[in-house]
Each structure stands twice: as structure tokens, then as C-alpha cells.
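# got a predicted structure plus its sequence, pasted below:
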Amino acid sequence: MDGRWEQLHPRRRNLIGALIAMTVGATFMCCIALYNGTTAIGLANRGITTDATVVQVDRFQRGTKVTVEFTARSGDTVSAECTSCSSNLDEGDRVRIRYNPDDLALGVEDAENHGAQRVALFALVAVTVLLSAAGFVGWRLTRDRPPV
């Protein structure tokens, strides 16, 4: 750097840092919204709804991993992680799930919960908040510009 950064007023440096952080955060949340939105659309368009049996429930300090087993359209028995199943489920419980037969690697979701859609909507709201805050910070930067 040529020293111009150090010459800036500390408040202006803080505002620029906040603007960069909000822009990076908004970009990250856009990626999350895009991924989960694509997953939700894929499940809505090509998803198959079926009944599954909970075969494993791993409870951690910050969440729960629910594994279900079901019979796929192909007739194969499939075991997959349910990304939006309730943490109140126990082994042996039955749950209605939705899965994409073209891509089982994405996992399955609770048919009534629509987890991917909820995450996508949350991420879009977060993007809106972050971009609004970034706009405010940008406005403050132009308003506080020193006279030439």
C-alpha cells in the first residue's frame, strides 16, 4: 500500500471495513440461497414422496442427525440422511419424506417441512438485510466525505 489507508480517519476505515464485510456476507448468503433454492425446486419438480423408517438418530450438543431407510422407485432399499426431519424422532418411527430419484446424494427431506425452501428464504432475507445495511454504510461514506 502507498500509505493512503493509514491516512484515512479511523471512522472512515471502520465504515469501509464494515462495507466489505457486509458485501462478502451477502455474497455468501446468495450462494446458500442459490444452492438451497435449486435443491427445493428440484425436489418440488422431480421429488417423490414416500414413507420411511428412522433407522438411526444421533443427538449432538448443537443438533440432531436423522438417518432414514426407504424403498426407492427402483426397488432398492436406500439409507439417507433426512436434512429437515424433526429432532424429536426416535429409531423405528415412520416419517413421510421427499427425495430426488435422480440425485440421492442430496439426501432427503421431511415432506411436510420443506427444509431447503426455508433455508433459501432465510438466506434471501439475510441478503436483503445485509445489502440494505451496506447501502446505508455506503451512504454514510459519501456523506462523510472530506471537502476537496
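Yep, that arrived. Since this is a predicted model, take the numbers as computed values, not measurements.

# pull stretch 56-64 out as PDB, backbone CA atoms only.
Only the C-alpha atoms of stretch 56-64 are listed here, as PDB (Å, rounded to 0.1, in the frame of the first residue of the first chain):
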ATOM      1  CA  GLN A  56     -30.600 -44.000  13.400                       C
ATOM      2  CA  VAL A  57     -30.800 -40.800  15.400                       C
ATOM      3  CA  ASP A  58     -27.600 -39.200  16.500                       C
ATOM      4  CA  ARG A  59     -28.100 -36.300  19.000                       C
ATOM      5  CA  PHE A  60     -25.300 -33.800  19.400                       C
ATOM      6  CA  GLN A  61     -24.900 -30.800  21.500                       C
ATOM      7  CA  ARG A  62     -25.900 -28.500  18.600                       C
ATOM      8  CA  GLY A  63     -28.300 -30.600  16.600                       C
ATOM      9  CA  THR A  64     -29.500 -34.000  15.500                       C
END
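
# can you name the residues bridging to residue 58?
Beta bridges link residue 58 to residue 65 when assigned by DSSP bridges.

# how close does it get to residue 33?
Distance, residue 58 to residue 33, using CB to CB, to the nearest Å: 28 Å. Placement of C-beta: from N, CA and C, glycine included.

# so for the two, which sits in the more crowded spot?
residue 33 (19 against 10; other CB atoms under 10 Å).

# my read is that the more buried one contacts residue 117, right?
No - assessed by CB atoms under 8 Å, residue 33 is found out of contact with residue 117, at 10.6 Å.

# the closest residue in space to residue 68 that isn't next to it in sequence: neighbour count?
Distances taken as CB to CB, 6 or more residues apart in numbering put residue 52 closest to residue 68, at 3.8 Å, once the chain neighbours are dropped. Using other CB under 10 Å, residue 52 has 26 neighbouring residues.
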